[in-house]
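A.B. asks: The following comprises the amino acid sequence and a computationally predicted model.
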Amino acid sequence: MEKFTIKDLYKDTETFADKEISLAGWVRTNRNSKTFGFIELNDGSFFKNVQVVYDTTLSNFNDLVKLTISSSIHVTGVLVKTPEAKQPFEVRATNVTIECLSPNDYPLQKKGHTVEFLREQAYLRPRTNLFSAVFRIRSAAAIAIHNYFQSKGYVYFHAPLITANDGEGAGEMFQVTTLDLDKVASSGKVDYDKDFFGKHVGLTVTGQLEGEAFAMAYGKIYTFGPSFRAENSNTKTHASEFWMIEPEIAFCDLDELMDIEEDMLKYIVKDVLERCPEEMEFLNKFIAPNLIEKLQKLLTSKFTRITHEDVITILKDAKVDWEFKPEYGEDIAKEHEKYITEYFNGPVFITNWPKDIKAFYMKQNADGKTVAAVDLEVPGAGELMGGSQREENYDKLLNRMHELGMKTSELDWYLNLRKYGSCVHSGFGMGFERLLIYLTGVENIRDVIPFPRTPGNCEF
């Protein structure tokens, strides 16, 4: 008999009503009495379970009453509609085969578990309602991102994961080496000529620089892959391994870039709301009240555009006892991001940032003090995207690199892009996990990554 999924049954109940069907999945709960029992079965295809009813007419009834949580089974039975009950239908079993009986020490018994405990059981947590919802939304959001860029004619570009370029210039790269570190420690020096690549290399912090090279050939590209930062930070929004989306667009200025950022975000939010209604309803009810309302509001919101200087003026004029006092020429804090989105009652693009706190590759404005950079702040999550118009002038970029004491010889290819057909171009980066925090209402980045890598933690 053809095997169906629980998703099939929910999406087309009428077709299967009063017919014999076959399922396979895992036991979520098993309630029973002397003559009958109820199994909540999940097969991973759908957020909701299906109720399987079994009774003493089954030859292995005495074995079925002993079924434990997470046991795997095959079920054959008739789908019966139950409009008067909590569930719309149930499967009345004619045969149940036990494939694997899970032992009683299975860690996720039917009781409340903290997210901290579940992080210790990361290989099992996708089986819980919370993480079943989160990781299905992660999958849906990833597909939405690809669909958006593919529908707009972008080329999907795979940036290298091993690189000699510290694209952000922050010195937070994980080193990649085949040298015997014990021998290096005893000798007190490193001979990179004997290393695998013959030079100091690390895991990428950004694919932007290489992405710009491909944008100069294809017009518009996007990356979507892992990034690594050896930043010893233990906040709720930092991880050592995370995924980034980084489009680069030729013949595009800062205003056009903001149009793209807004259009992309609205597309993703709309798509996830449509594709994951059960998951979103669960999160809205149990994790983040008003989550759906927040996301729906974004779809009709006007995205404010304001300069960094004007933002600081608003913050200084606010009658708020700031923990971190806002200052011209300096970065803004989380409390400032929250205030400014509430002030404008919606998402805010902050533009023209102080040159001294931004990366070397950003377009230098005529005032000599700011760069054509933009951060997108969204209600409830703060900074979601960061981008800029890139400096297309060879001499200005070279001078800026000299000002920062950078070794230009290692980036001569990047400088050459400004000689060989340079043009106005822009790009932005969006941390995928930051987006998921916004979409799910889950507050900690460790809970939107399947197996999080953070300082002191590389389990599983």
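C.D. replies: On my side now, so go ahead.
A.B. asks: and L209, that's in a helix?
C.D. replies: Yes. Counting by DSSP: H, G, I helix; E, B strand; the rest coil, L209 is found in a helix.
A.B. asks: what about it, how many residues close to it?
C.D. replies: Around L209 there are 21 other residues, counting by other C-beta atoms under 10 Å. Just so you know, the C-beta spots here come from the backbone N, C-alpha and C atoms, and that holds for glycine as well.
A.B. asks: Let me know the pLDDT of it.
C.D. replies: For L209, the model assigns a pLDDT of 96.
A.B. asks: Now the helix or strand hosting Y339: average pLDDT?
C.D. replies: Here Y339 sits within helix 334-343, counting by DSSP states H and E. Averaged over helix 334-343, pLDDT sits at 96.
A.B. asks: what comes into contact with that helix?
C.D. replies: Residues from elsewhere that reach helix 334-343, judged by C-beta atoms under 8 Å, 6 or more residues apart in numbering: 311, 314-315, 318, 320, 322-324, 326, 332, 347-348, 350, 377-380, 382-383.
A.B. asks: I'd like to know which of those are part of helices.
C.D. replies: Among these, the ones falling in helices (DSSP state H) are 311, 314-315.
A.B. asks: Let's see if you can find the most crowded of these.
C.D. replies: Among the ones in helices among the contacts of helix 334-343, the one with the most neighbours (other C-beta under 10 Å) is V311, at 24 neighbours.
A.B. asks: residues in contact with that residue?
C.D. replies: 332, 336, 340, 348, 350.
A.B. asks: Next, find the distance separating it from L130.
C.D. replies: For V311, the distance to L130 (C-beta to C-beta, to the nearest Å) stands at 35 Å.
A.B. asks: can you give me the strands for the stretch 151-300 of the chain?
C.D. replies: According to DSSP state E, counting those that start in this stretch, the stretch 151-300 of the chain carries its strands in the segments 155-156, 162-163, 175-176, 201-203, 220-228, 241-250.
A.B. asks: Just give me the neighbour total for the closest residue in space to D271 that isn't next to it in sequence.
C.D. replies: In this structure, D271 finds its nearest non-sequential neighbour in A144, 4.0 Å apart by C-beta to C-beta, 6 or more residues apart in numbering. Residues lying near A144 (other C-beta under 10 Å) number 21.
A.B. asks: Hmm, V272 and A144 touching each other?
C.D. replies: Yes. With contact defined as C-beta atoms under 8 Å, A144 reaches V272; the gap is 6.2 Å.
A.B. asks: buried subset of the contacts of V311?
C.D. replies: 332, 336, 340, 348, 350 (16 or more other C-beta atoms under 10 Å).
A.B. asks: Point out the other elements, helices or strands, that the strand or helix carrying the residue nearest to D271 touches.
C.D. replies: Counting by DSSP H and E, the element that carries A144 is helix 129-151. Where contact means 3 or more C-beta pairs under 8 Å, 6 or more residues apart in numbering; DSSP states H and E, helix 129-151 is packed against helix 115-120, strand 155-156, strand 220-228, helix 254-275, helix 277-286, helix 432-440.
A.B. asks: Can I get those in JSON lines including distance to P88 and mean neighbour count?
C.D. replies: Putting these into JSON lines (distance: least, C-beta to C-beta, whole Å; neighbours: other C-beta atoms under 10 Å) gives the following:
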{"stretch": "helix 115-120", "distance to P88": "29", "mean neighbour count": "14"}
{"stretch": "strand 155-156", "distance to P88": "40", "mean neighbour count": "13"}
{"stretch": "strand 220-228", "distance to P88": "37", "mean neighbour count": "21"}
{"stretch": "helix 254-275", "distance to P88": "20", "mean neighbour count": "18"}
{"stretch": "helix 277-286", "distance to P88": "13", "mean neighbour count": "17"}
{"stretch": "helix 432-440", "distance to P88": "26", "mean neighbour count": "24"}
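A.B. asks: Could you dump the ones in helices among the contacts of helix 334-343 into JSON lines and include pLDDT?
C.D. replies: JSON lines is the format used below for the ones in helices among the contacts of helix 334-343 (pLDDT from 0 to 100):
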{"residue": "V311", "pLDDT": "98"}
{"residue": "I314", "pLDDT": "98"}
{"residue": "L315", "pLDDT": "98"}
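A.B. asks: can you list those in a markdown table and add distance to I357?
C.D. replies: Shown next, in a markdown table, are these (distance: C-beta to C-beta, whole Å):
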| residue | distance to I357 |
| --- | --- |
| V311 | 14 |
| I314 | 19 |
| L315 | 16 |
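A.B. asks: Same question for stretch 444-455: list its buried residues.
C.D. replies: 444-449, 452-454.
A.B. asks: Closest one of the residues you listed to K11?
C.D. replies: Closest to K11 out of the buried residues of stretch 444-455 is V448 (26.3 Å), distances taken as C-beta to C-beta.
A.B. asks: The nearest residue to that closest one once chain neighbours are set aside: what's it in contact with?
C.D. replies: Spatial nearest neighbour of V448, excluding adjacent residues (C-beta to C-beta, 6+ apart): L436 at 4.0 Å. Residues in contact with L436 (C-beta under 8 Å, 6+ apart) are 134, 137-138, 141, 442, 448.
A.B. asks: And F303, how close does it get to D8?
C.D. replies: According to C-beta to C-beta, F303 and D8 sit 40 Å apart.
A.B. asks: okay, these two: which has more neighbours?
C.D. replies: Taking neighbours as other C-beta under 10 Å, F303 and D8 compare with F303 leading, 20 against 17.
A.B. asks: Look up phi and psi at the more buried one.
C.D. replies: phi -90, psi 110 (degrees, to the nearest 10).
A.B. asks: so who does it touch?
C.D. replies: By C-beta under 8 Å, 6+ apart, the residues touching F303 are 258, 262, 346-349, 376.
A.B. asks: do the same with T223
C.D. replies: 156-159, 207-208, 211, 244-247.
A.B. asks: Buried ones only from those, please, as a ChimeraX command.
C.D. replies: This is the ChimeraX syntax for the buried subset of these, where burial follows 16+ other C-beta under 10 Å:
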select :157,159,207,208,211,244,245,246,247
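A.B. asks: re earlier: would you list the buried ones among the contacts of V311 in TSV and tack on distance to T114?
C.D. replies: Formatted as TSV, those follow (distance: C-beta to C-beta, whole Å):
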residue	distance to T114
I332	32
H336	31
I340	33
V348	34
I350	36
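A.B. asks: What is the nearest of these to I268?
C.D. replies: Comparing those against I268 with C-beta to C-beta picks out V348 as the nearest, at 18.4 Å.
A.B. asks: Let's see the pLDDT reported for the closest one.
C.D. replies: For V348, the model assigns a pLDDT of 98.
A.B. asks: Then the one 10 residues further on?
C.D. replies: As summarised for this prediction, K358 has a pLDDT of 96.
A.B. asks: Can you report how many residues neighbour it?
C.D. replies: K358: 19 surrounding residues under other C-beta under 10 Å.
A.B. asks: just how off-centre is stretch 104-114 within its chain?
C.D. replies: Remark: stretch 104-114 is offset 27 Å from the chain centroid, using C-alpha atoms, centre = their mean, to the nearest Å.
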